[in-house]
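J.: Below is the sequence, then the predicted model.
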Amino acid sequence: MVKVEVVVSLNGRRAIEVELPEFLIRALLHRVEEANIGASDGEVVCLDDVIEWCVASPICVGDIPELEKSVPGFTDALNAWLQTVTYEPQ
């Protein structure tokens, strides 16, 4: 049998299911509400935006070489994502 590897863009989107305690879900929803106060149409964020930021924000400059080694293209994907991110905590 031949193994076929499918190349997937690191900036492609994929849905996953995550189970969280209710208090964390409420905290995330609070962040969405907070971010959208006074936001224009182009600045409105959704739950996905806040979760993305929470997952990405612990990544520091020192982590990038290791992640790039493990996930080739990580640096370019992170930079591209940073150019499009719509949520930044106050």
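T.: Perfect, thanks for sending it.
J.: from here on, contacts and neighbour counts on C-alpha atoms
T.: Fine.
J.: Go ahead and flag the most central residue of the chain.
T.: Centroid-nearest residue in the chain, with CA atoms, centre = their mean: E52, separated by 2.5 Å.
J.: in which helix or strand would I find that one?
T.: When secondary structure is defined using DSSP states H and E, the element that contains E52 is helix 47-56.
J.: Which other helices and strands does the helix or strand following that helix contact?
T.: Moving toward the C-terminus from helix 47-56, the next helix or strand (DSSP H and E) is helix 64-70. Counting contacts by 3 or more CA pairs under 8 Å, 6 or more residues apart in numbering; DSSP states H and E, helix 64-70 packs against helix 74-84.
J.: okay, the angle between the helix it packs on and helix 47-56?
T.: For helix 74-84 against helix 47-56, the angle between stretch directions is 140 degrees (axes from the mean of the first three to the mean of the last three CA atoms, to 10 degrees).
J.: Enumerate the positions of helix 74-84 that are buried.
T.: Within helix 74-84, the residues that count as buried by 16 or more other CA atoms under 10 Å are F74, T75.
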